[in-house]
Each structure stands twice: as structure tokens, then as C-alpha cells.
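Asker: got a sequence here, can you model it:
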Amino acid sequence: MPTDVFCQISSGEVAAAEVWRDEQVVAFLDHRPVFKGHVLICPTSHVETLLELPDPLVGPLFGVARTIAGAMGPAFGAEGTFVAVNNVISQSVPHLHVHVVPRSKGDGLRGFFWPRTRYAEGEEARYAERLRQVLGTG
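Answerer: This is a model prediction of the structure:
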């Protein structure tokens, strides 16, 4: 039985500043927020990564993420949100969680911008084709 801190929050063993709870999803304030109001949303059952998320939980998890993102403006005066899921890399807790961070223009957030690269001639089409093959859409 997994004993990560998010399972402990889900079971009630560890207290958190919860903002949402139902049978499938729990959401709470991140104790080390990017900005105040930063929320973590996770399944109440143990799921480590997005790839392991059962289909019946996709709607509930991301529905709550959408609802919370919509609440950031009225709650905090946020002009928008940053919504992200780390999948293995940079995933500090091995339990799937969605970050919803309130944002405002000029808030100074720089840490979530990634370096950019370019495709070589013809490389973009090859990458797209490989992905379409795996997805069964090509």
C-alpha cells in the first residue's frame, strides 16, 4: 500500500488546506506555493503518473482542475492560471497531481519557461509521423 504524503492527505492521516474533496479527487493548497493560492489536485486513490490514470478518473480530475482554474480570478484577482502536470521528471511526490497556479501579468514567473530548440530540415514531419503511428492516427 503506497504511503506517499498525498495518499496520507487523501486518507485524512495528514492535514492539508483542502479546497475540494469528493470520492475521486482531493485538492489542497501547495505548502510551498509558486504564488499564494497554488493548488494541487490529485486522485484520492493512488495513481503515480498520468499514463496510469484510469479513464474513468480523467474527467473528474481535470474537471476539478478546470473548476479551480476558473475560481482563481474571483478568489485572488488572478488574470489567468498556469496548469501543469509533471510526469516522473520533476514529480516531487510519486502520486499524480495537477498544479493550478494563479497568474497575473508581470508576476515575475520565469522558472517554468523551457529552452527551445528547432527541427532540422524534414525532421518535424518525421517526428509527427512517428507520433501519429503510435497514436494510430496516421
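
Asker: with only the CA atoms kept, save the helix ranked longest in the chain in CSV.
Answerer: With secondary structure taken from DSSP state H, the chain has its longest helix at helix 55-76. Provided in CSV are the C-alpha atoms of helix 55-76 (Å, rounded to 0.1, in the frame of the first residue of the first chain):
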residue,chain,number,x,y,z
ASP,A,55,-10.0,6.5,-18.0
PRO,A,56,-12.9,7.0,-15.5
LEU,A,57,-10.8,9.4,-13.5
VAL,A,58,-9.7,11.6,-16.4
GLY,A,59,-12.9,13.6,-16.4
PRO,A,60,-13.2,14.0,-12.6
LEU,A,61,-9.6,15.0,-12.2
PHE,A,62,-9.4,17.5,-15.0
GLY,A,63,-12.9,18.8,-14.4
VAL,A,64,-11.8,19.8,-10.9
ALA,A,65,-8.7,21.4,-12.3
ARG,A,66,-10.8,23.4,-14.7
THR,A,67,-13.2,24.4,-11.9
ILE,A,68,-10.4,25.5,-9.7
ALA,A,69,-8.7,27.4,-12.5
GLY,A,70,-11.9,29.3,-13.0
ALA,A,71,-12.1,30.2,-9.4
MET,A,72,-8.6,31.8,-9.3
GLY,A,73,-9.8,35.1,-10.7
PRO,A,74,-12.8,35.6,-8.4
ALA,A,75,-10.8,34.3,-5.4
PHE,A,76,-7.5,36.0,-5.9
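
Asker: tell me the pLDDT at the residue lying farthest from the centre of the chain?
Answerer: Distance from the C-alpha centroid of the chain, by Cα atoms, centre = their mean, peaks at residue 121 (33.7 Å). On pLDDT, residue 121 comes in at 91.
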